[in-house]
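**Student:** Take this sequence and fold it.
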Amino acid sequence: MRRSVLPTIAHRLAILCYIAFALFPLFWLLKVSVTPNDLLYSEGVRMWPSRATWDHYAFVLQHSAFPTFFKNSLIVSASTAVTVTISASLSGYALSRFNFRAKYWIVALMLLTQMFPLVMLVAPIFKILSPLHLTNSLTGLVIVYTAFNVPFATFLMQSFFDGIPRDLEEAAMIDGATQFTAFRQIILPLTLPGIAATLGFVFTAAWSELLFALMLINGNDAATFPVGLLTFVSKFSVDFGQMMAAGVMALIPAGLFFLLIQRYLVQGLTAGAVKG
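**Tutor:** All right, here's what the predicted structure looks like:
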């Protein structure tokens, strides 16, 4: 009896330790965001300040450009997620269902795009976008994010399409449906978990991306949230309270997004783990 209980207890304790380890940075983010500036250093390391304040949140919302950063990130992330998911669904379906000339060369080129460090590509991309007047533009960011996320999202969607039997489409086409009708009415509903997983991955990647947003955007009008956090860093000081308050508020849309798609997301991330 003890031998069967001890592994269970150890397993549960390990899970609790992992959850605590994962959530502690978020707790500390919240703790610093409500700590007054005069207590931030004077009280030392405490689990919660002796006096909490919402002044940092008020300053970020009323006296900073954070609302603009927030809006820009929401536009860029949502646009990128929708564009990439639609493109990846179509291209993933094509790679899964059709054999055509140069198919393997296309796959190889898509894989090749994932092998280059992003830092190497900043200058060439800036050189391409600058004559097109797409630098310092949300449209330019969406184009860049889409280009870099489509290959991985395509392979992700292809894996979901590969797990759906071809017999379903063939039966629909025997009944008179076209290939596109079978794809839209039968296959797509079955891949909702994969679509949710792709949406979640791309939205998170675009929401937190810093390198291209920093290099391609000049000024606050088109800056996104990760770049906007740098405005709280001055030459001689860092406004940790305001920065953490902005970080807490920036977690809200991502949290709500995952809350809405969590049912499909769990199915998508575990699809293919058990077969038969």
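**Student:** Can you name the residues that contact F161?
**Tutor:** Residues in contact with F161, defined by CB atoms under 8 Å, 6 or more residues apart in numbering, are 92-93, 96-97, 187, 191, 194. C-beta: built from backbone N, CA, C; applies to glycine.
**Student:** of all those, which two lie farthest apart?
**Tutor:** R97 and G194 (14.6 Å; CB to CB).
**Student:** out of the contacts of F161, which is most surrounded?
**Tutor:** G194 (30 neighbours; other CB atoms under 10 Å).
**Student:** That one contacts T154, correct?
**Tutor:** No: contact criterion CB atoms under 8 Å: G194 and T154 do not qualify, at 11.5 Å.
**Student:** Export stretch 123-136 to PDB, keeping only CA atoms.
**Tutor:** Output in PDB follows, covering the C-alpha atoms of stretch 123-136 (Å, rounded to 0.1, in the frame of the first residue of the first chain):
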ATOM      1  CA  ALA A 123      19.300  44.200 -42.800                       C
ATOM      2  CA  PRO A 124      18.100  42.500 -46.000                       C
ATOM      3  CA  ILE A 125      14.500  42.700 -45.000                       C
ATOM      4  CA  PHE A 126      14.900  46.400 -44.100                       C
ATOM      5  CA  LYS A 127      16.500  47.000 -47.500                       C
ATOM      6  CA  ILE A 128      13.500  45.300 -49.200                       C
ATOM      7  CA  LEU A 129      10.800  47.100 -47.200                       C
ATOM      8  CA  SER A 130      12.300  50.500 -47.200                       C
ATOM      9  CA  PRO A 131      11.800  51.400 -51.000                       C
ATOM     10  CA  LEU A 132       8.200  50.000 -50.600                       C
ATOM     11  CA  HIS A 133       7.600  52.400 -47.700                       C
ATOM     12  CA  LEU A 134       6.700  49.500 -45.400                       C
ATOM     13  CA  THR A 135       9.200  50.300 -42.700                       C
ATOM     14  CA  ASN A 136       7.700  52.100 -39.600                       C
END
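**Student:** and that stretch, which residues are buried?
**Tutor:** 125-126, 129, 134-136 (16 or more other CB atoms under 10 Å).
**Student:** Closest to F70 out of those?
**Tutor:** Using CB to CB, the buried residues of stretch 123-136 come closest to F70 at N136, 18.3 Å.
**Student:** and the closest one, that's in a helix?
**Tutor:** No: secondary structure of N136 (DSSP: H, G, I helix; E, B strand; the rest coil): coil, not part of a helix.
**Student:** Mind checking which of the contacts of F161 land in strands?
**Tutor:** Using DSSP state E, the subset of those located in strands is empty.
**Student:** Distance-wise, check T178 relative to A171.
**Tutor:** 14 Å (CB to CB, to the nearest Å).
**Student:** What of G241?
**Tutor:** In this view, G241 and A171 are 61 Å apart by CB to CB.
**Student:** Which one of those two is surrounded by more residues?
**Tutor:** G241 (23 against 13).
**Student:** got the contact list for the residue nearest to that one when sequence neighbours are not counted?
**Tutor:** Among residues not flanking G241 along the chain, H56 sits closest, at 4.1 Å (CB to CB, 6 or more residues apart in numbering). Counting by CB under 8 Å, 6+ apart, H56 makes contact with 33-34, 241-242, 244-245.
**Student:** And the helices in the chain?
**Tutor:** Listed in chain order, the helices of the chain (DSSP state H) span residues 2-33, 37-40, 55-62, 66-97, 103-113, 118-129, 138-162, 166-174, 179-182, 188-190, 192-208, 211-216, 225-229, 240-270.
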